[in-house]
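**Student:** A structural model of the following input is requested.
(chains A, B and C)
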Amino acid sequence: MDEFAVQRVLLAVDQVPPGWVASYGDIGAVVGVGPRQVGAILREHGDQVAWWRVVSAAGTLPAPLAGRAAAHWDAEGVAHADGRVDLSGHRVDRVALAAAYARAV
DNA sequence: TCCGTGACTTTAT
DNA sequence: CATAAAGCCACGG
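**Tutor:** So this is what the prediction gives:
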């Protein structure tokens, strides 16, 4: 396991503000790892960050996770239906995320 | 080193 | 909207 990649991914997820979401691809592009690796990292260290703010490009998450994320989405005002987030109005700008990440490093 | 696997993505049917 | 296919990258056997 590449611990440096883990740290970068967790830090990037930390830059997603409440009420907003990013896709695995967004996070991966910012920290320089493949989207699949982002998922693998969140699977093991997701409990340390706001994992519900990271969803697939289609706005979905595996069934069990979508169920638990729903409460957070409601609490933060993220529009969603049938376990699927509405990315049209809550997806963070990839450039802004990269900038926030750069400041946080 | 080859191969299967996965919280993925994009394009084409 | 549902499938399929190909690309993707790191990990473990």
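**Student:** so what's the residue count around the closest residue to DNA strand C within chain A?
**Tutor:** When CB to the nearest atom of the strand is the measure, chain A has its nearest residue to DNA strand C at residue A:34, with 2.7 Å between them. C-beta here means a position set from N, CA and C on the backbone, and glycine is covered the same way. Residue neighbour count, defined by other CB atoms under 10 Å, stands at 13 for residue A:34.
**Student:** do the same with residue A:12
**Tutor:** By the criterion of other CB under 10 Å, residue A:12 has 27 neighbours.
**Student:** for it, grab phi and psi.
**Tutor:** Dihedral angles of residue A:12 (phi, psi; degrees, to the nearest 10) stand at phi -60, psi -40.
**Student:** check contacts around it.
**Tutor:** Contact analysis of residue A:12 by CB atoms under 8 Å, 6 or more residues apart in numbering lists A:27, A:30-31, A:97, A:101.
**Student:** and what of residue A:54?
**Tutor:** With contact taken as CB under 8 Å, 6+ apart, residue A:54 is in contact with A:13, A:16, A:21-24, A:27, A:38, A:42.
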